[in-house]
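>>> Build the 3D model from these lines:
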Amino acid sequence: GRPLLFIGAPDGEIAQLARDQSIGVGLAPGDGQGLADTLVQLSKDAGLLDAMGARARRWFERDGQASAAFERWEKLLRRLAED
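Residues are numbered from 1 along each chain as shown. Below is the predicted model of the structure:
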């Protein structure tokens, strides 16, 4: 597993995933100073990188694979069709 470094909408789904699952860092586009600061901080803390990577791998194995996502969508659509 590898930690996630996402550059995009801070309130978007991927940034939220990184925060909620503690699997990485999300930064806004154009935040060069934030990127530099984050890279320096992470380069000094191998334990943090390892922990993020391990959590990312567990998340992927549990929820991140396409088959898991399709399964959740199918369940949702079936529930909606029943209502």
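>>> ok, residue 39 - how many residues close by?
By other CB atoms under 10 Å, the residues close to residue 39 number 12. Placement of C-beta: from N, CA and C, glycine included.
>>> Next: residue 3.
19.
>>> likewise residue 27?
Using other CB under 10 Å, residue 27 has 19 neighbouring residues.
>>> Residue 78 now?
9.
>>> next one: residue 24
So residue 24, with other CB under 10 Å, has 22 neighbours.
>>> Spell out which residues sit in contact with the most centrally placed residue in the chain, please.
Compute the mean C-alpha point of the chain, and by CA atoms, centre = their mean the closest residue is residue 18, 3.2 Å away. Each residue near residue 18 by CB atoms under 8 Å, 6 or more residues apart in numbering is listed here: 4, 6, 24, 25, 26.
>>> The residue lying closest to it once chain neighbours are set aside and residue 47, how far apart?
Once flanking residues are discounted, residue 18 sits nearest to residue 24: 4.1 Å by CB to CB, 6 or more residues apart in numbering. Distance from residue 24 to residue 47, counting by CB to CB, to the nearest Å: 15 Å.
>>> Could you do residue 61 as well?
Note on residue 61: its distance to residue 47, by CB to CB, is 21 Å.
>>> Between those two, tell me which one has more neighbours.
Shown here are residue 61 and residue 47; by other CB under 10 Å, residue 61 has more neighbours (11 against 7).
>>> Helices of this structure, start to end?
Applying DSSP state H to the chain gives helices spanning 13-21, 32-43, 46-59, 66-82.
>>> need the ones you listed in TSV with mean pLDDT, can you?
Converted to TSV, these look like this (pLDDT from 0 to 100):
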stretch	mean pLDDT
helix 13-21	92
helix 32-43	96
helix 46-59	94
helix 66-82	79
